[in-house]
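>>> Predicted model follows, preceded by the sequence.
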Amino acid sequence: MKCKWFCYLSLCLLNTVCFGQKKCDGLYDVVFDKNILKAGNQVVSFGKDAIPCLLDMIDVKKESSVGFQDPNSSSTSLTFRNCAGISAAYLIELILSKDSLLNAETIDGVRIYQNGVILKIKKNNPVLEKLNYNDMLVIKKIYTKWWELNKNKTIVQLTDEWRKNKNILGKKFRWA
């Protein structure tokens, strides 16, 4: 009897783990889509459940285009090749901002940061330079520490705190 109970529990646990992995695999394709704003709708629909998957993607060893082209100028663009994990971090921020965006029935085209890039802070000034893998490990550590402290809060609490502070990255990096 104990063996049947153990097998049943093991099967339930295995099913939960596989379902969670399947959800993360599905998010992986969306996060590294070329159009991060379009991907935002799908990721935001998962809500805070997507955050652990996104955390795992921050330090992925992959480059992609990050940032947004300035819609007001055809000659200026902050879109450049950088660590793809910036997109995962951006989507965490987008999840947190969802309910605080004005007229946000749809996320399409909404930018929570003007350029959608992470800048290093050197001597208290932001510097536009390419991040490296070690930078992404630090960024992942920052977001992971934040998540460990906040994962038991409701999405309403997380959104409210994000709206008031908007500074998960701290003093070494900032969003632009």
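Right, received. Where do you want to start? Numbers count the residues shown, from 1 in each chain.
>>> Can you report phi and psi for residue 129?
With angles defined as degrees, to the nearest 10, residue 129 sits at phi -150, psi 160.
>>> so where is this protein shaky, pLDDT-wise?
1-23, 25-26, 29-30, 32-42, 65-81, 99-111, 114 (pLDDT under 70).
>>> what are the ranges of the helices in it?
2-31, 36-46, 51-57, 85-97, 133-150, 155-165 (DSSP state H).
>>> same for the third one, what does it pack against?
Helices and strands in packing contact with helix 51-57 are listed as helix 2-31, helix 85-97, helix 133-150; criterion 3 or more C-beta pairs under 8 Å, 6 or more residues apart in numbering; DSSP states H and E. C-beta: built from backbone N, CA, C; applies to glycine.
>>> try the last one
Helix 155-165 is packed against helix 85-97, with contacts defined by 3+ C-beta pairs under 8 Å, 6+ apart.
>>> Helix 133-150 and the helix it packs on, what's the angle between them?
20 degrees (axes from the mean of the first three to the mean of the last three C-alpha atoms, to 10 degrees).
>>> Tell me who's in contact with residue 135.
83, 120, 173 (C-beta atoms under 8 Å, 6 or more residues apart in numbering).
>>> Can you name the residues that contact the closest residue to residue 173 other than its chain neighbours?
Sequence neighbours aside, residue 118 is the residue nearest to residue 173 in space, at 5.2 Å (criterion: C-beta to C-beta, 6 or more residues apart in numbering). Applying C-beta under 8 Å, 6+ apart, we find residue 118 in contact with 86, 89, 131, 139, 169, 173, 174, 175, 176.
>>> Could you report the separation of residue 119 from residue 131?
Using C-beta to C-beta, to the nearest Å, we find residue 119 at a distance of 9 Å from residue 131.
>>> show me the residues around residue 88 that make contact.
So residue 88 contacts 31, 54, 55, 57, 58, 60 (C-beta under 8 Å, 6+ apart).
>>> next one: residue 171
So residue 171 contacts residue 121 (C-beta under 8 Å, 6+ apart).
>>> Residue numbering should commence at 36 henceforth.
Taking 36 as the first residue, the last one we looked at is residue 206.
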